[in-house]
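>>> Please work out how this folds:
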Amino acid sequence: MILVLYAHPYPRHSRACAALAAALEGRADVELRSLYDRYPDFDIDAEAERAALVPARLVAWLHPFYWYHAPALMQLWFERVLTKGWAYGPGGTALEGKDCLWITTTGGDEASYTARFCGMNWLEPFVVHGAHIVDDASLRASCSRLAARLAPYAQAGKAK
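Numbering: from 1, shown residues only. Modelled structure (predicted):
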């Protein structure tokens, strides 16, 4: 079974997401769950959502991607449904072995759908992975790398 979680806050204004959802709707092997139809008040029934996830072999998240993230209800769904002890962490094996597919649409072309949309210069992200388990020495090293990365900007400000 394929579970597709669809989150579009303005489905009547959607062309691409609506077409993708329509292509999946009615298939015997697909359960299409429209989060904005189910939870217009944002009161997600986490237990019902978990129950829908259990029989799925493939879990797909379908939504427009705008302002650099998923719609608010999809983000809330992640926070409420994929909890520690159920989806991850000790005892959190409910989704283990399932396939996951992210399906998204954007309003701009590939080259323009970044910070460039706002006229900004896109820089390589600075990431600290495993933040909850990183040891002190590694964290200090990350802080030093960040300071070094920011130094040219601080120097440019002093020169003015």
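>>> drop to CA atoms for contacts and neighbour counts, all remaining ones
Will do.
>>> how's the protein carved up into domains?
2-114, 123-160 (automatic domain parsing).
>>> Where among these is average confidence lowest?
In terms of average pLDDT, domain 123-160 trails the rest of the domains of the chain, at a mean of 84.
>>> chain center to that domain, what's the gap?
24 Å (CA atoms, centre = their mean, to the nearest Å).
>>> rewinding a little: would you convert the domains of the chain into a markdown table that also reports mean neighbour count?
Formatted as a markdown table, those follow (neighbours: other CA atoms under 10 Å):
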| stretch | mean neighbour count |
| --- | --- |
| domain 2-114 | 15 |
| domain 123-160 | 10 |
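>>> isn't residue 59 right up against residue 97?
No: counting by CA atoms under 8 Å, residue 59 stays clear of residue 97, with 11.0 Å between them.
>>> Can you show me the helices along this structure?
Applying DSSP state H to the chain gives helices spanning 16-24, 35-38, 46-53, 72-81, 136-159.
>>> could those be laid out in CSV, adding distance to residue 63?
What follows is the helices of the chain, written out as CSV (distance: least, CA to CA, whole Å):
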stretch, distance to residue 63
helix 16-24, 7
helix 35-38, 10
helix 46-53, 17
helix 72-81, 8
helix 136-159, 33
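>>> quick one: contacts for residue 104?
In this structure, residue 104 makes contact with 17, 61, 62, 63, 64, 65, judged by CA atoms under 8 Å, 6 or more residues apart in numbering.
>>> Any figure for the gap between residue 32 and residue 4?
Applying CA to CA, to the nearest Å, the value for residue 32 to residue 4 is 5 Å.
>>> in the chain, which residue is closest to the centre?
Note on the chain: the residue nearest the mean C-alpha position is residue 70, at 5.4 Å, using CA atoms, centre = their mean.
>>> That one: what's it in contact with?
63, 64.
>>> and it, how far is that from residue 105?
Going from residue 70 to residue 105 by CA to CA gives 10 Å.
>>> Could you name every residue contacting both of these two?
63, 64.
>>> on that earlier part again, for the residue nearest to the centre of the chain, phi and psi?
Backbone torsions for residue 70, taken as degrees, to the nearest 10, come to phi -80, psi 160.
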